[in-house]
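K.L.:
any chance you could fold what I've pasted below:
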Amino acid sequence: MKNFRTTLAKAVMLPALLIPALPSAAADKPVELRFASWLPPQHALARTGFEPWAKSVEEASGGSIKVTLYPAQQLGKAADHYDMTRDGIADMAWVSPGYQAGRFPIYAASELPFLFRTPGAGSAAVDAWYRAYADKEMGDVKFCFSHMHVGTLHSKQPITDPDQLKGMKVRPANGTVAQTMTALGATNVQVSAPEARDALDKGVADAITFPWNSLITFNVHRAANHHTDMRLYAANFVWVMNKNWYDNLSGSQRKVIDDHCNNEWAGRVGTAWGDEEDSGRDKLAAMGDQKLVPLTDAQLAKWKQAVQPVYDVWAKSLPGGNAASVLDALKKEITSRNAGL
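P.N.:
Sure thing, here's the model as predicted:
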């Protein structure tokens, strides 16, 4: 009987001893996340946004999600990043919706002139506001979050009055800024950020709308050394995922991604990058060959009055006749976070 109990005990223990040696049914299958952007790897957003986000995802997933960054248009042109993600060329991408004017009219509200003062709080405001519309307007991808920075006008000659733009060739930051330039009498030159310096050097453009620090990163300040000191526009961006890639994740992996695609991360990335962009203003001011162009209160008021037709153009472009409610919802988010001018 004793031998029988001993044999039975060994038989019961054997499977338990073998379990660690067998593959775990709960283990997540390793997956790669191919993250595409059109920024150079040394860009401030790569350091303050893409890289910290990727590292946090990898750590939170226990290494089961491996993020591979593809910078500098390695997977496709800047304006194609949304469609690249939709079509699975990239699993995730950093997208400028404004590079495709008219395609995302709701989102374009966040690009209207003179709305934002601070990029961090502004990013949280835009993200919270757009979550109510993302599934409708960007339904063929999985929305992650949105963020923004504030930019201004940079030119070869000082510009203090909106009337000076009449007849000038200006590279706009996005479609809404293009409408602003048209309203002010300028001709738009449509080139992406990596192509901006070349357009100025060759005389294709006379001026450019750009954020402060990226102007230095792309060496655009060497071609446009006068900088009108105002918070003219916002350039806003979204992080989006391929739906099939997201749907094929395990439940725990989807939770990791969801935890990194929220309003907290929108504000975090917006603050880190936006503050870095704004730091470029003081860097340019310290350079002997660069000129900051200040505006008086009266001059700034004239700029704000001159761009009002852009709001009307945007409202007419929005289907459904609900432009007022869309813009009011955005302004409420901006006000609640003290992010406006």
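K.L.:
which strand in the protein has the most residues?
P.N.:
The longest strand of the chain (DSSP state E) is strand 142-155.
K.L.:
what pairs with that one, parallel or antiparallel?
P.N.:
Using DSSP bridges, strand 142-155 pairs in its sheet with strand 207-210 (antiparallel), strand 226-228 (antiparallel), strand 233-241 (antiparallel).
K.L.:
mean pLDDT and distance to Asp91 for the ones you listed - can I get that in TSV?
P.N.:
C-beta here means a position set from N, CA and C on the backbone, and glycine is covered the same way. What follows is the strands paired with strand 142-155, written out as TSV (pLDDT from 0 to 100; distance: least, C-beta to C-beta, whole Å):
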stretch	mean pLDDT	distance to Asp91
strand 207-210	97	29
strand 226-228	99	37
strand 233-241	97	6
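K.L.:
closest to Thr180 out of those?
P.N.:
strand 233-241 (6.9 Å; C-beta to C-beta).
K.L.:
before we move on, back to that, would you turn the strands paired with strand 142-155 into JSON lines with distance to Val326 and mean neighbour count?
P.N.:
As requested, those are exported to JSON lines (distance: least, C-beta to C-beta, whole Å; neighbours: other C-beta atoms under 10 Å):
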{"stretch": "strand 207-210", "distance to Val326": "23", "mean neighbour count": "26"}
{"stretch": "strand 226-228", "distance to Val326": "29", "mean neighbour count": "21"}
{"stretch": "strand 233-241", "distance to Val326": "14", "mean neighbour count": "26"}
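K.L.:
what pairs with the residue most central in space within the chain across the strands?
P.N.:
Central residue of the chain (C-alpha atoms, centre = their mean): Phe237, 2.5 Å from the mean position. Here Phe237 sits in beta bridges with His147, going by DSSP bridges.
K.L.:
that one contacts Tyr130, correct?
P.N.:
No: using C-beta atoms under 8 Å, Phe237 makes no contact with Tyr130, being 11.2 Å away.
K.L.:
next, show the common contact partners of these two.
P.N.:
Ser146 (C-beta atoms under 8 Å, 6 or more residues apart in numbering).
K.L.:
hmm, back to that, tell me the contacts of the residue nearest to the centre of the chain?
P.N.:
Phe237 is in contact with Trp94, Val95, Ser96, Pro97, Ser146, His147, Met148, counting by C-beta under 8 Å, 6+ apart.
K.L.:
out of these, who's nearest Lys255?
P.N.:
Lys255 lies nearest to Ser146 out of the contacts of Phe237, by C-beta to C-beta, at 20.9 Å.
K.L.:
for Cys144, see how far away the closest residue in space to the closest one that isn't next to it in sequence is.
P.N.:
The shortest distance from Ser146 to any non-neighbouring residue, by C-beta to C-beta, 6 or more residues apart in numbering, is to Asp127 (4.4 Å). Going from Asp127 to Cys144 by C-beta to C-beta, to the nearest Å gives 10 Å.
K.L.:
neighbour count: the two, which is higher?
P.N.:
Asp127 (29 against 24; other C-beta atoms under 10 Å).
K.L.:
what about the strands in the stretch 51-200 of the chain?
P.N.:
Secondary structure of the stretch 51-200 of the chain (DSSP state E, counting those that start in this stretch): strands located at 65-70, 92-95, 142-155, 169-171, 187-188.
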